[in-house]
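S.K.: my questions concern the predicted model and sequence given below.
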Amino acid sequence: MMKLSWVHFAIFFLGLIFIIASIISGLAAVEYMIFHEESAEDVGDVSEEIDRYGLVQYAELSETQKQIVDGAIEGEQYWFDDDDNEAIAWGNGRVISQDGQYHVIPRDTIVNWTSTTGLLALALGIGGVLLIIEVIRRHHFPHYHPFTD
């Protein structure tokens, strides 16, 4: 018969594998959101954002980028996967100069926990933590059974 310490080690190792798989799945749930943050008529009002994102003239944008800017100004939010070329080309965001107006349009990085990979990450993470807690309970408190009378 297998020694109990090897069983504990196997459960602990399985818990660690679950947690590592959770982290990998969480990375797959990363998405980018492009939205309109603010508009200003004076360049001084958005100088910090210009330093952070850079200033781009509206006429210099591609057609796809112009559609994104127009939609964002109207209140739309654009979601991209982390491997989408448009999201990567957008950088951290931009300040767009158009007809005397300055539009700050950042790109935020978020983890979409409600996506399939996000829910999988949560389930694996919780499962891994529970396995590790259980192996600690079995090793240090072998006579304690929490779910029995």
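M.R.: Cool, got the structure. Residues are numbered from 1 along each chain as shown.

S.K.: can you pull the contacts of the closest residue to I34 other than its chain neighbours?
M.R.: Using CB to CB, 6 or more residues apart in numbering and skipping the chain neighbours, the partner closest in space to I34 is Y78 (4.4 Å). Any C-beta I mention is one placed from the backbone N, CA and C, and that applies to glycine too. Contact partners of Y78, counting by CB atoms under 8 Å, 6 or more residues apart in numbering, are 33-35, 68, 71-72.

S.K.: so can I have CSV of the residues you listed showing distance to L130 and neighbour count?
M.R.: Shown next, in CSV, are those (distance: CB to CB, whole Å; neighbours: other CB atoms under 10 Å):
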residue, distance to L130, neighbour count
M33, 32, 15
I34, 37, 23
F35, 37, 18
I68, 43, 23
G71, 43, 15
A72, 42, 20
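
S.K.: farthest pair in those?
M.R.: Farthest-apart pair in these is M33 and G71; separation 12.7 Å (CB to CB).

S.K.: do a quick rundown of the strands in the chain.
M.R.: Applying DSSP state E to the chain gives strands spanning 30-34, 38-40, 55-57, 78-81, 93-98, 101-111.

S.K.: give me the helices and strands touching the fifth one, please.
M.R.: Using 3 or more CB pairs under 8 Å, 6 or more residues apart in numbering; DSSP states H and E as the contact criterion, the neighbours of strand 93-98 among helices and strands are helix 47-53, strand 55-57, strand 101-111.

S.K.: many thanks, have a good one.
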